[in-house]
Every structure is written in structure tokens, then in C-alpha cells.
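Visitor: Build me a model from this:
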Amino acid sequence: RLECLDLSYHTPPATAEVTAPLEATRRPSSLWSWAAKFLPDHAPGPGAVARLTAGLARDFAYDPAATAVGTPIEALLTASRGACQDVARLAVASLQARGVPARYMLGYAPGASAEVALHAWFAAWFDGQGWLQFDSVLPPGPRIVLGFAPDQQGVPVLRGECSGPPCRHVMANRITVIPA
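Guide: Residues are numbered from 1 along each chain as shown. Take a look at the predicted model:
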């Protein structure tokens with residue numbers, strides 16, 4: 001049995017959801033330069049985040065075989081390709097670098113295709129609106145949230161650990177969604 005998390009859409013963000021990873025905040029970083037095309041330096045609103053989402057869809061080819069768990073952000077930008085978790089990581093880091101609280105979201109997107117697969121997307125906090133969800137890979141629709149955190153490491157898909165260069169893991173899963 002799968003229980004959905006209460007997303008607490010109007011619970012204010014934790015400090016960690018505002019703190020960008022160090023590799024995202026270095027000003028001459030590729031991420032900072034790329035994100036500047038879509039996000040102003042301070043207080044981007046939902047429209048700017050929608051432009052960021054569209055930029056991710058345009059600038060990054062969906063290729064789940066292109067990366068591995070732990071691929072550095074700079075390598076993702078250089079490759080301009082990756083899986084849903086990669087573009088969600090880029091978005092979260094971009095937003096946090098601009099001071100926007102952001103969450104990495106993990107779960108399922110039933111109805112997006114005949115196959116229901118594990119999926120990652122992101123959410124951003126806006127005063128007066130709460131957490132708004134964005135997805136540059138799949139169209140809008142219902143989501144079954146398994147977890148969320150300030151970054152990908154906070155929502156592990158696999159138990160265990162890997163060390164050394166980025167690791168490649170294969171996980172098989174199957175769910176059936178039965179409307180209530």
C-alpha cells in the first residue's frame with residue numbers, strides 16, 4: 001500500500017531549502033551564468049520560474065543513460081542532457097542560488113504515459129502562494145509524492161552507499177494507481 005505525503009503547501013520553507021549548494025553559488029559558475037538568462041538576481045516570481053522550466057525543457061535533452069547518481073552540476077551543464085532527476089537538481093540549485101526556497105521532489109506521475117515510472121521534479125516557495133510545483137520533463141498532472149528535500153541527497157531512491165566516481169544503479173519498480 002502506498003501512502004501519499006501531505007505536501008503542506010502552506011508550510012514555510014526550512015532554512016536548508018534556501019541554502020544553495022556551494023558549486024551553484026560561485027559567480028563565474030556555468031550554472032549561475034545559465035540561470036541568469038531566466039532568473040533575476042533577487043526575488044524571482046512564478047513567471048521567472050516558469051521561464052526557467054521552459055529553458056530546462058529547451059536546453060537539456062532527456063537522456064536517462066547520460067548521467068549517474070552524483071554527477072556534478074557543472075558536468076550536467078556541459079553535457080546538456082540527463083534524466084528528470086538531473087534537471088530537477090539544476091532547477092533547485094538555480095533557485096536556491098537566487099535565494100528562492102526550492103525542493104527536489106520525487107514520486108510518480110501517473111497518467112503521463114502508459115508506464116508509471118519513478119519521476120523527479122521541483123517545487124518553489126512563493127509568499128502568499130505556498131509551494132508551487134514545476135516539471136520540465138512531463139506535462140502538468142497529478143503526482144504521487146514519495147519524498148521531498150532541499151536536494152537530491154535528501155530523498156534517496158536506493159538504500160546503501162557508493163563511493164568513488166559517480167555510481168550507476170538500476171532499480172526496477174512497478175506501481176498500480178487505483179483512483180479513490
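Visitor: Now do the strands in this structure.
Guide: Assigned by DSSP state E, the chain shows strands spanning 61-62, 81-82, 102-108, 118-126, 130-134, 144-149.
Visitor: So for residue 158, what's the pLDDT?
Guide: As predicted, residue 158 sits at a pLDDT of 48.
Visitor: Now do the contacts for the closest residue to residue 61 other than its chain neighbours.
Guide: Distances taken as C-beta to C-beta, 6 or more residues apart in numbering place residue 81 nearest to residue 61, at 4.2 Å, with adjacent residues excluded. In this view, the C-beta of every residue, glycine as well, is placed from N, C-alpha and C. For residue 81, the contact set (C-beta atoms under 8 Å, 6 or more residues apart in numbering) comprises 60-63, 66-67.
Visitor: quick one: contacts for residue 88?
Guide: 104-105, 120-122, 152.
Visitor: now residue 43
Guide: 99-100.
Visitor: quick one: contacts for residue 75?
Guide: residue 67 are the contacts of residue 75 under C-beta under 8 Å, 6+ apart.
Visitor: Roughly how far does it sit from residue 148?
Guide: 24 Å (C-beta to C-beta, to the nearest Å).
Visitor: hey, which helix or strand in this structure has the poorest pLDDT?
Guide: Within the chain, no helix or strand scores below helix 22-25, which has a mean of 53 by mean pLDDT, DSSP states H and E.
Visitor: related to what we said a few turns ago, so which of the contacts of residue 81 is the closest to residue 126?
Guide: residue 60 (23.9 Å; C-beta to C-beta).
Visitor: ok so, going back, so which of the strands of the chain is nearest residue 44?
Guide: Of all the strands of the chain, strand 118-126 comes closest under C-beta to C-beta, at 8.5 Å.
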